[in-house]
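Visitor: need a 3D model of the sequence below.
(2 chains)
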Protein chains: 2
Amino acid sequence: MSEERLIYLPLGGAGEIGMNCYVYGYGRPGAERLIVVDMGVTFPDMDTTPGVDLIFPDIAWLEERKDRVDGIFITHAHEDHVGAVGHLFGKLDCAVYARSFTAHHARRKMDEHGHNPDKVQTRGAWPETITVGPFTVGFLPVSHSIPESSALVIDTAAGRVIHTGDFKIDYQPGVGEAFDRDLWASVARDGVKALVCDSTNVFSHHEGRSESSVGPEIRRFVSEQDGMVVATTFASNVSRVRTLAQAGVDAGRSVCLLGRAMRRMIEASVETGVLTDFPSTITPEEARDLPRDNVMLIVTGSQGERRAASAQLSRGKYLGLELKDGDTFLFSSKTIPGNEREVIRIMNALSEKGVDVADDDNGRYHVSGHANRPDLIAMQDLVNPQIVVPMHGEHRHLREHAKLAESRGRLGVLAPNGTCISLSGNKPEVVEYVETGRTYLDGSVQIGAMDGVVRDRIRLALNGAVIVTLIIDEDDTPLGDPWVELMGLPETGRSGDLVETMEADLAQFMQRADDRTLRDDDKLDEALRRIARQTAVNEIGRKPEVRVVVSRLS
Amino acid sequence: MSEERLIYLPLGGAGEIGMNCYVYGYGRPGAERLIVVDMGVTFPDMDTTPGVDLIFPDIAWLEERKDRVDGIFITHAHEDHVGAVGHLFGKLDCAVYARSFTAHHARRKMDEHGHNPDKVQTRGAWPETITVGPFTVGFLPVSHSIPESSALVIDTAAGRVIHTGDFKIDYQPGVGEAFDRDLWASVARDGVKALVCDSTNVFSHHEGRSESSVGPEIRRFVSEQDGMVVATTFASNVSRVRTLAQAGVDAGRSVCLLGRAMRRMIEASVETGVLTDFPSTITPEEARDLPRDNVMLIVTGSQGERRAASAQLSRGKYLGLELKDGDTFLFSSKTIPGNEREVIRIMNALSEKGVDVADDDNGRYHVSGHANRPDLIAMQDLVNPQIVVPMHGEHRHLREHAKLAESRGRLGVLAPNGTCISLSGNKPEVVEYVETGRTYLDGSVQIGAMDGVVRDRIRLALNGAVIVTLIIDEDDTPLGDPWVELMGLPETGRSGDLVETMEADLAQFMQRADDRTLRDDDKLDEALRRIARQTAVNEIGRKPEVRVVVSRLS
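Guide: Numbers count the residues shown, from 1 in each chain, chains lettered A, B, ... in the order given. Below is the predicted model:
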C-alpha cells in the first residue's frame, strides 16, 4: 500500500486571473480526503462567450469524488473567489467556511440559489483553526482590496502549506487588517512546505503602494471641483469607497451611493463590523434637490458594465440624476484588460455631455490590491518556503513567478489548471493531469464550454445564417421549390435580391435531382446547403451557416 | 448672393482614432468646390461589428456632390488614412494626390479594386504645390511613424489652413524626414487661419520621445538573448523595422521578415527611395537551417491579429519555423485599446511554449508616433494659428485638445464628425450638421452601419435562434405539428429535451387555433414566435431570436 501524500490541484485560477478554485488532498493515492479553496467566477465576453451569463470552473473531478470532500474554504469575498458558491454548492453539498464578512456574502449567494445559508460557517481568524479530515486550516489575515481577506494556513502530516489568496503587503490599508509581518513570521517560523502564491502583479517591477497613499490625492482632487462630482471604483474596495466618501464630506458635499453592489458592500461592511466610520449618505431623491456642487455620487461600473450606474449616467438620466457640463467624473480604478472599449465608450459619452473625466492617471487615484514583484520576493523571504507554487495568474504570470522563485534559490513549480502535483517528497512532482475546463451559465442552464452551443452562436455572428425549407410529399416529389430565409445577411448581392437568386439556384438543382437524392434527407441536406453557400459566396462574398429543413408529408 | 466661404467638415476621424476623412470647401454657400483629405478605414470588432471585414466612412454627402470634388489628398500611408481609397474611389472618381511612398500604396489599392492606378498622382514636397479649383495645396513634411508623412498647407482666398495629419515632433526619426522647425516657421510666418491638428496623445503629459531613443535599448536587448529572437512591430514603422533588423545584425544574427505587410512595406520603402540601408535578409527556409541563436525574425501581428505571423508562431509551426523553450519574443509596439485580449492570448501561448516575452515595458522598446500634450502646445506656438481645430481623436480627445487651445488664449473648436464649420469670419461657426456614419465591407458587399444586418448577427450571438416550420394545406388545415430547430441553444432545458418541449407547446396551441388565425400568416407568426420564446424562457432562461416559416400548399 502506497504512502499517504499531500496533493495540490488547481481547477481554476492557474491559467487566468479569476475563476479561482484549488483543491488540496491528503491521504493514500486515489483515496485522499479533499478540501476546496475558493469557488470563483469569471466573466464572459463577446469575442469568446457571447450570450453567456457567467463562467465557473468545471468541477466534475470534484463531483465524482464528492464523498471525499471535507469542506470549502473561501479566502475573501471577491466574485472570482466566492461567486460560484451558490451555483456549484449543490454538486458538493459540504460545509463552507469563511470569516464573517466573506461568510455574509457567501450566505446571500447560497440563499439566492435555494441552498441552506447555514451551510456557511463563520470562523474567526488565526490562531483559530478548523479541523476537517486530515486537515487543520486557519484563516490568516492578509491585506488586499476588500475587507477580511485571508490567507489559509493548511496543516497536514506532510507539513504546512500557506495559500496566500489574493494579497498585497499593506501596512495602512484603511479599512480592514494591516499586513501583520510578525504574525506571518510566527506562522512561518517552524517551516513551511509550500507557499501557494498570488501571481497577478509579477510583471510590476516597482514596490507596491499602500491603499492609504491615494487618500490625499483623492481629497485634493475632489476639493478642487465645481459642479457635481461622480467617482467610481470597485464596490468591494470598501476602504476606497470610504476614502472617496470622506473626500466628498471634507469638500462640503453630501454623499450618495448609486448601484446595488455599492450599497450592498457598504451595508455588509457595517453589519459585520469591518466598517465603523462611514459618513452618512443621502438618497438619489435628496441628491437631486441639492445644488450640484454639494453632491458627490459614488457609483458602480468602473469596468464599463452596460447596466451599472456609470454607464447609465453616461447615457442619460439615472434615478432622476443627470450629469451635465461642468460636472466631473473620476475613475478611481484601473481598467482590467479586455474592458477598455466599454470604459472608453463611457468616457466619450461623458465628454459629449461636457463632463470632465479623470482616470487613475498612472496610479494617482488608484493602487492595485495585489503584491508587486518586490513584494512577492519579500513574501518568499518572510515565509521561507521549501516550494513556491504560483497561482492566480495567466500562464505567463505563473511561469514568470516560478522563474522568480528559482532565481532566488527556491523550488518553483509551474502548475497550470489540471496539473495535480504531490507536495510530499523532497521535490514536488506531477502525479496526474486532470481534465479541467469551464462551465457556462447560459440563461438558466449550465453548459460545458466544449458543448458547441456557444461556438454555434459565434459562427452565427461571424457568418450569418440561411434557412432553406423544402416540402416533399408522400411520393418523394417536391411540393414547390425550396424557400430561403436570411438571418443577419445583406438582402442584396451581386445579381440583385439574394433570396431570389438563391431560390433560383436551389430550384434549378431540384429540377435535376434524381429519385435517389429526393428519397435521402442527408443527400438533400448536403446538396442544398452546398448550393446555398456557393450562391452566398458568389453574391455577397461570405459563407453563411445554412440550416436545411426538409418536411416530408406522410 | 452670399459671400464665398471656407468650410471644414470631418466625415471620419473626429470621433474616433482611425477612419480619417476630412472635407474642405471653398466658394459660395452650397456651391463650394471641395477637396478631400485622407480616406481611411477602421477595423471591426466582435463586440459591435462581428463578421464585418472593414469599416470606412459613409461618404454619401460627398457622393451627392461629386461634381464639386476637385481632388483627394492623402497625408500618409497608414491604413486609417489611405485604406479606403480603393473601396471608395469609384464613388468620386477624381484625382488622388500623394507623395511618392504614399502614392505607391494608394496605387496598389486602386489596382486591387479595379481602378486605374494612374488616377494617383505623385507630387513632391513643399514648396511644390498643386492648384485644384480655388485651393492651392502643398505637402509639408512632418515626422510620424511611417515614412514621408506630410501635413497639408491649404491656401484659399480665405487664408491658410495647416492640416497636420498624424505627426510627432521628432528631430531624429531614423528613416524619413526629421521635423524641420525652420521650414514650418517659414510656412506659418505670414499668418495661419486654422491649425487642424492631430489629437491622439493630448492626454499624454510628458514630452514625446524620438524614434531614435529606442535604438540603444533594442540593441542591448537583442544582444543579450540566446535562442531565436522574434520581434514584432507595426510593419509601417519602417524606421523601427530597420532598427530591429540592425540590432539583429549587430548581434550576429541573420534577419528574416515574416508576414506580407512587413515585406511589402520594406520593399515599397526601398523602391521609392525612402530606405537605402536595410540589412540583407534571408528566407524562412534559410532561417530554418541556421542555428537558433543566429536568427532574428521580424514579424507582423503586434496587435494580435489572428492570421498574422505572431499569432501563427504562437500557435505552432509557421513556414516551417517553430518557437521553443529558450527563444525570446519582443513586442516593440503598444497594444491599441481593444486589442488587449488578442495580444495577451499570444503572450500566454508563447509562455506555454517556454518562450520569454518582453513587451514595450513602459516605452523602453516603443515610442508613440503622435505628438504628446507638450508637443501640441509647441506646435500651436510655432504655427500661431487664429483657430485650433482638433481632429484625429475620440470625442474626449477633441474636447480636451480644444480646451487646451482655449487655455492658451486661442480659439479652440470642437467639431466632431458631421459638424460643418465655416472658418471664414473672425470666429468659426457651425454652418450645418451633416449626417455621417460608417459603411461596412461585409464579405464583398458594402452595407450601412444602420442597415440592421450586423445588429441581427449580434442578436443571434447573444440570444441564439429557434426556427419554427409549419405546413398548412389548401384548406387552411395544418399538415402535422410545427417543427422546431435550434441554433446556438442548449438542447436540454428544465423539463428535458428543449425541442420536444417546445414542439409540444406549439402543437397544443395549434390544436386550439381558430380558422381566422390559421388563415392569417401574421397572426400565426406572432403566436408561434411568442410561444417559442415563452417556452425558451421557462426552459433555458433566455429569449432566443425566433424565425417562423409557414409553408402553404396551393
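
Visitor: okay, now the domains of chain A?
Guide: Chain A breaks down into these domains under automatic domain parsing: A:5-206+A:368-448, A:211-358, A:464-552.

Visitor: in TSV, list these along with mean pLDDT and distance to chain B.
Guide: No exception for glycine: its C-beta is placed from N, CA and C like everyone else's. TSV is the format used below for the domains of chain A (pLDDT from 0 to 100; distance: least, Cβ to the nearest Cβ, whole Å):
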stretch	mean pLDDT	distance to chain B
domain A:5-206+A:368-448	97	3
domain A:211-358	96	4
domain A:464-552	96	3
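
Visitor: how about JSON lines for those domains, with mean neighbour count added?
Guide: Below are the domains of chain A laid out as JSON lines (neighbours: other Cβ atoms under 10 Å in any protein chain shown):
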{"stretch": "domain A:5-206+A:368-448", "mean neighbour count": "21"}
{"stretch": "domain A:211-358", "mean neighbour count": "20"}
{"stretch": "domain A:464-552", "mean neighbour count": "18"}
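
Visitor: nearest to residue B:542, out of those?
Guide: For residue B:542, the closest of those is domain A:5-206+A:368-448, at 3.4 Å, according to Cβ to Cβ.

Visitor: how far is the closest one from where the chain is centred?
Guide: Computed by Cα atoms, centre = their mean, to the nearest Å, the chain-centroid distance of domain A:5-206+A:368-448 equals 14 Å.

Visitor: quick revisit: turn the domains of chain A into TSV, columns for distance to residue B:454.
Guide: TSV is the format used below for the domains of chain A (distance: least, Cβ to Cβ, whole Å):
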stretch	distance to residue B:454
domain A:5-206+A:368-448	13
domain A:211-358	16
domain A:464-552	7
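
Visitor: contacting residues for the residue nearest to residue A:132 when sequence neighbours are not counted?
Guide: The shortest distance from residue A:132 to any non-neighbouring residue, by Cβ to Cβ, 6 or more residues apart in numbering or on different chains, is to residue A:70 (4.0 Å). By Cβ atoms under 8 Å, 6 or more residues apart in numbering or on different chains, the residues touching residue A:70 are A:33, A:34, A:35, A:94, A:95, A:132, A:133, A:135.

Visitor: helix, strand, or coil at residue A:70?
Guide: Here residue A:70 is strand, with the state taken from DSSP: H, G, I helix; E, B strand; the rest coil.

Visitor: from residue B:173, how far out is it?
Guide: If you measure residue A:70 against residue B:173 using Cβ to Cβ, to the nearest Å, the figure is 65 Å.

Visitor: kindly report the same for residue A:241.
Guide: For residue A:241 relative to residue B:173 (Cβ to Cβ), the value is 47 Å.

Visitor: what do you get for residue A:215?
Guide: 43 Å.

Visitor: same deal with residue A:32?
Guide: Taking Cβ to Cβ as the measure, residue A:32 falls 63 Å from residue B:173.

Visitor: same check, this time on residue A:12
Guide: Counting by Cβ to Cβ, the separation of residue A:12 from residue B:173 is 47 Å.

Visitor: what's the answer for residue A:372, then?
Guide: To residue B:173, residue A:372 is 35 Å away according to Cβ to Cβ.

Visitor: quick one: contacts for the closest residue to residue A:179 other than its chain neighbours?
Guide: Spatially, and ignoring its direct neighbours in sequence, residue A:179 is nearest to residue A:143 (4.4 Å; Cβ to Cβ, 6+ apart). Taking Cβ under 8 Å, 6+ apart as the criterion, residue A:143 is in contact with A:149, A:167, A:168, A:169, A:170, A:171, A:173, A:176, A:177, A:178, A:179, A:211.
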